[in-house]
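Peer 1: Any chance you can model this:
(one chain, ligands or ions: 1)
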Amino acid sequence: MREIFRRQPKFRPTSGGDDGRLQVPDDLWVKCPKCQELSYTKEHLRALRVCHRCGYHYRIPAIDRIAMLADEDSFTEWDNELRTADPLGFRVGDESYQDKAVSTASKAGIPEAVVSGLLAIGGRPLAVVVTDFAFMGASMGSVYGEKLTRACERAVEREIPLLTVSCSGGARMQEGLFSLLQMAKTTTALTRLGHARLPHFSLLTDPCYGGVTASYATVADVVMAEPGARIGFAGPRVIEQVTRQKLPEGFQTAEFLLEHGLIDTVVPRGDLLTTLAILIDFYQNARNPRPARETAPAELAHSTANGTSDAG
Ligand SMILES: [Zn+2]
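Peer 2: Have a look, this model is predicted:
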């Protein structure tokens with residue numbers, strides 16, 4: 001599952017264009033949207049898509065996130081066959097919600113806004129639910145809620161922890177009340193984990209808003225966020241309009257929320273594997289004291305660094 005590290009830019013001829021000018025492939029470099037720094041794509045992937053100059057964490061597809069976390073070939077996807085229904089018969093112009101879902105799935109390369117499954121981190125099994133912003137802004141509809149609920153149930157059956165990685169625009173308006181119901185449904189499913197004394201780790205990534213922030217994503221045992229991630233319920237523009245007050249510098253960033261107690265920690269992408277390994281071991285030992293796992297967190301960090309160097 002580490003194909004992200006092996007993904008190479010597609011090289012095309014660098015000379016001999018029709019007009020005689022040097023042809024530079026579009027994907028040879030990436031430009032940081034925050035500081036405008038150019039990074040060589042290979043280096044960019046090796047740095048887990050974090051800007052080497054300003055630390056900006058690029059938004060990444062769900063499958064790339066999973067590739068960054070999972071031990072080689074350890075990921076098994078769950079419920080990939082679930083497809084959205086159209087309970088309201090929602091249409092915008094000529095396009096129905098279901099047509100929109102089909103065309104978005106084709107463009108985004110995934111059938112829904114979340115990917116769920118089982119993976120291992122240094123041999124530690126973990127249930128994961130990862131959102132993908134490319135599918136309708138990773139909005140939470142019925143399939144999203146159902147996948148998350150089933151992942152909770154499987155985690156309880158297998159007695160393993162759950163990790164959710166969320167970025168989302170909030171509830172999916174095309175499903176109306178059915179999308180709002182997912183807030184209660186997912187939160188209820190998580191209580192089963194709690195009763196089984198299994199932890200839920202939540203990683204909030206940029207941007208995370210609306211019903212996702214207001215439900216399962218912030219009721220975890222450990223709420224983490226990526227540096228600079230924007231997290232809130234309503235966006236800052238709406239809040240400024242309603243309150244007619246100027247908002248403070250850095251409002252709704254991960255660092256601001258850490259300072260004000262909404263989240264537990266800010267974890268840079270490069271530290272995520274080690275942090276998760278430590279957390280899984282900690283909760284495992286608290287629940288059922290056992291000898292230490294085969295791979296210590298320090299060794300895991302070392303092997304990850306070696307793994308990423310494969311891209312060179
Ligand atoms: Zn940058």
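
Peer 1: From now on I want contacts and neighbour counts done on CA atoms only, so please keep to that.
Peer 2: Fine.

Peer 1: wait, is residue 166 part of a strand?
Peer 2: Yes: under the criterion used here (DSSP: H, G, I helix; E, B strand; the rest coil), residue 166 sits inside a strand.

Peer 1: got the residues of the protein near the ion?
Peer 2: Those residues of the chain that sit near the ion, judged by Cα under 5 Å from the ion, are 32, 35, 51, 54.

Peer 1: again, only using 6 Å
Peer 2: By Cα under 6 Å from the ion, the part of the chain that sits against the ion consists of 32, 34, 35, 37, 51, 53, 54, 55, 56.

Peer 1: can you give me phi and psi for the first one?
Peer 2: Taking degrees, to the nearest 10, you get phi -70, psi 130 for the backbone angles of residue 32.

Peer 1: list the contacts for it?
Peer 2: 38, 39, 51, 56 (Cα atoms under 8 Å, 6 or more residues apart in numbering).

Peer 1: again with the second one
Peer 2: For residue 34, the residues meeting the contact criterion (Cα under 8 Å, 6+ apart) are 54, 56.

Peer 1: picking that back up, which one of the residues of the chain next to the ion is nearest to residue 225?
Peer 2: residue 56 (13.2 Å; Cα to Cα).

Peer 1: for this protein, what spans make up the strands?
Peer 2: Assigned by DSSP state E, the strands in the chain fall at 29-31, 38-40, 76-78, 91-92, 95-96, 114-121, 124-131, 162-168, 200-208, 222-225, 265-266.

Peer 1: Of the contacts of residue 32, which is the most crowded?
Peer 2: Comparing the contacts of residue 32 on neighbour count, residue 51 comes out first with 24 neighbours (neighbours: other Cα atoms under 10 Å).

Peer 1: Can you pull out the low-pLDDT segments for the stretch 1-150 of the chain?
Peer 2: Segments of the stretch 1-150 of the chain classed as low confidence (criterion: pLDDT under 70) are 1-26.

Peer 1: Show the residue spans covered by the helices in it.
Peer 2: Assigned by DSSP state H, counting those that start in this stretch, the helices in the stretch 1-150 of the chain fall at 3-6, 41-46, 62-69, 97-108, 142-158.

Peer 1: Tell me what angle the last one forms with strand 162-168.
Peer 2: Orientation check (axes from the mean of the first three to the mean of the last three Cα atoms, to 10 degrees): helix 142-158 against strand 162-168 gives 160 degrees.

Peer 1: Helix 142-158 - contacts with which helices or strands?
Peer 2: Contacting helix 142-158 under the criterion 3 or more Cα pairs under 8 Å, 6 or more residues apart in numbering; DSSP states H and E are the following elements: strand 114-121, strand 124-131, strand 162-168, helix 177-195.

Peer 1: I'd like these laid out as CSV, including mean neighbour count and distance to residue 92.
Peer 2: Conversion of the helices and strands packed on helix 142-158 to CSV gives the following (neighbours: other Cα atoms under 10 Å; distance: least, Cα to Cα, whole Å):
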stretch, mean neighbour count, distance to residue 92
strand 114-121, 23, 24
strand 124-131, 24, 25
strand 162-168, 26, 21
helix 177-195, 18, 18
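
Peer 1: ok, the residue positioned nearest the centre of the chain to the ion distance?
Peer 2: Nearest to the mean C-alpha position of the chain, by Cα atoms, centre = their mean, lies residue 165 at 3.7 Å. According to Cα to the ion, to the nearest Å, residue 165 stands 23 Å off from the ion.

Peer 1: my read: that residue touches residue 133, true?
Peer 2: No: Residue 165 sits out of contact with residue 133 when judged by Cα atoms under 8 Å, with a separation of 11.3 Å.

Peer 1: What sits closest to the one residue in the stretch 51-200 of the chain that gets nearest to the ion if chain neighbours are left out?
Peer 2: Going by Cα to the ion, the ion is nearest to residue 54 of the stretch 51-200 of the chain, at 4.1 Å. Ranked by Cα to Cα, 6 or more residues apart in numbering and with sequence neighbours excluded, the top spatial neighbour of residue 54 is residue 35, at 6.6 Å.

Peer 1: Number of residues surrounding that neighbour?
Peer 2: Using other Cα under 10 Å: residue 35 sits among 12 other residues.

Peer 1: Report the contact partners of the nearest residue to residue 59 once chain neighbours are set aside.
Peer 2: Excluding the flanking residues, the one nearest residue 59 by Cα to Cα, 6+ apart is residue 206, at 6.8 Å. Contact criterion Cα under 8 Å, 6+ apart gives 59, 167, 226, 228, 229, 230, 231 as the residues in contact with residue 206.
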